[in-house]
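K.L.:
Predicted model follows, preceded by the sequence.
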Amino acid sequence: MTSFSREWRWVRPLLLALASGVATLGVWRFFVVTTRGQLLDSIAYLGAAIGQSHVADRLQRVLETVSVGAIALVMLLVALVAVLRRRWMLALEAAALVAAANLSTRVLKYHLLYRPLLVDWEGLHHNSYPSGHTTAAGSAMVAAVLVAPKSLRAPVAMLGALVMMLFGYGTLAAQWHRPSDVVGAYLVCFAWAFGALAVGALRQRVLASRTWGDSPRPEADRPSRAVPGLMVLLGCIATGVAAVCGWATWQVDDVFTTVFSEQLIAYLGGAAGLCGVAMAGMGVLLRLVQLHDARAAALI
């Protein structure tokens, strides 16, 4: 491992954190503040009634378990795992990640972002971007990836992606949120997760400089790219399906005149899009955490 890579490895997660933050505002800018974006989002939301009768009742109880108390419990459990691994600062960073993601979602939704009435139909008129329920579940899952031991990290990441998709799709199927609300929540979670990795890398850089100076350390074994690569690939495929569905409904000018097939396509596209972002984002996070720990091991 070169001195340059040791000293500047915090840059990549920081850039990804900034990119996720910009993407959060970009998704809001298109799907909430433009007429075309609101149309696509509204048709997908309307189409969610197709699957509501089949899945909403089953997911209702799961969604209702998300509360301030549940978030606090998750923060405690995540921190406890890190403490048991004797990673004290990691416990603090993970708990701060969960708190910051949920707080920033509330600030964005209720104080900073707005939703103009550009599409006249009887749906959600208030601003619901980003989804608080999805942020609560997503922040817990990304924090779990950060604190999981090496042997369990890949399974935790895959399970975390599935849980994120379950909550995100559940809020869409129950017509609590539009697809963009869910995607925005995912992006908030990933922004804070990448930021936590950047902080951790800077912390280890300071520790290394105080302990070893600039002396070279042996290169740690590089972890396998198979699982994160597969997750990113599946996420890209799902996102591509969402793009195709969006193109198929792009010319729709009125929510009230949409037919069943258009609503179904938009609904499937919204579901595929949120699943794609969750899976690809978790795959990127898993890869960065793997590299982060591999490089940290070279300091021991």
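P.N.:
That came through fine. Numbers count the residues shown, from 1 in each chain.
K.L.:
For the rest of this, base every contact and every neighbour count on C-alpha atoms.
P.N.:
Fine.
K.L.:
where does the chain have low pLDDT?
P.N.:
Scanning the chain for pLDDT under 70 picks out the ranges 1-7, 51-72, 75, 85, 121-123, 206-223, 294-300.
K.L.:
number of nearby residues for residue 234?
P.N.:
Here the neighbour count serves as a burial measure; for residue 234 (other CA atoms under 10 Å) it reads 18.
K.L.:
helices or strands up against the helix or strand hosting it?
P.N.:
Assignment of secondary structure by DSSP states H and E places residue 234 within helix 226-248. Using 3 or more CA pairs under 8 Å, 6 or more residues apart in numbering; DSSP states H and E, the elements in contact with helix 226-248 are helix 153-173, helix 260-297.
K.L.:
The last one: which residues count as buried?
P.N.:
Using 16 or more other CA atoms under 10 Å as the burial criterion, the residues of helix 260-297 that qualify are 262-296.
K.L.:
got a list of contacts for the helix holding residue 234?
P.N.:
The set of residues external to helix 226-248 that reach it, using CA atoms under 8 Å, 6 or more residues apart in numbering, is 40, 154, 158, 265-266, 268-284, 286-287.
K.L.:
got the residue ranges for the helices in the protein?
P.N.:
3-8, 11-31, 35-47, 49-64, 68-84, 88-107, 132-147, 153-173, 179-211, 226-248, 260-297 (DSSP state H).
K.L.:
ranking those by burial, who's on top?
P.N.:
Most buried of these by mean neighbour count (mean count of other CA atoms under 10 Å) is helix 132-147; its value is a mean of 27.
K.L.:
Restricting to C-alpha, output that helix in PDB.
P.N.:
The C-alpha atoms that make up helix 132-147 are tabulated as PDB, following Å, rounded to 0.1, in the frame of the first residue of the first chain:
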ATOM      1  CA  GLY A 132     -39.100   8.900   7.000                       C
ATOM      2  CA  HIS A 133     -40.000   5.300   7.400                       C
ATOM      3  CA  THR A 134     -37.600   4.200   4.700                       C
ATOM      4  CA  THR A 135     -34.800   6.400   6.200                       C
ATOM      5  CA  ALA A 136     -35.300   4.700   9.600                       C
ATOM      6  CA  ALA A 137     -35.000   1.200   8.200                       C
ATOM      7  CA  GLY A 138     -32.200   2.200   5.700                       C
ATOM      8  CA  SER A 139     -30.000   4.000   8.200                       C
ATOM      9  CA  ALA A 140     -30.200   0.900  10.500                       C
ATOM     10  CA  MET A 141     -29.100  -1.300   7.700                       C
ATOM     11  CA  VAL A 142     -26.200   0.700   6.500                       C
ATOM     12  CA  ALA A 143     -25.000   1.100  10.100                       C
ATOM     13  CA  ALA A 144     -25.200  -2.600  10.500                       C
ATOM     14  CA  VAL A 145     -22.900  -3.100   7.500                       C
ATOM     15  CA  LEU A 146     -20.300  -0.700   9.100                       C
ATOM     16  CA  VAL A 147     -20.200  -2.600  12.400                       C
END
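K.L.:
tilt between that helix and helix 153-173?
P.N.:
What separates the directions of helix 132-147 and helix 153-173 is an angle of 180 degrees, with axes from the mean of the first three to the mean of the last three CA atoms, to 10 degrees.
K.L.:
Centre of the chain to helix 132-147, how far?
P.N.:
Remark: helix 132-147 is offset 8 Å from the chain centroid, using CA atoms, centre = their mean, to the nearest Å.
K.L.:
and the angle for it with helix 179-211?
P.N.:
Taking the same axes, to 10 degrees, one finds that helix 132-147 is oriented at 30 degrees with respect to helix 179-211.
K.L.:
just checking, what packs against helix 132-147?
P.N.:
Judged by 3+ CA pairs under 8 Å, 6+ apart, the packing partners of helix 132-147 are helix 68-84, helix 88-107, helix 153-173, helix 179-211, helix 260-297.
K.L.:
I'd like to know which elements the fourth one is packed against.
P.N.:
Spelled out, it's helix 179-211. Using 3+ CA pairs under 8 Å, 6+ apart as the contact criterion, the elements in contact with helix 179-211 are helix 11-31, helix 35-47, helix 88-107, helix 132-147, helix 153-173, helix 260-297.
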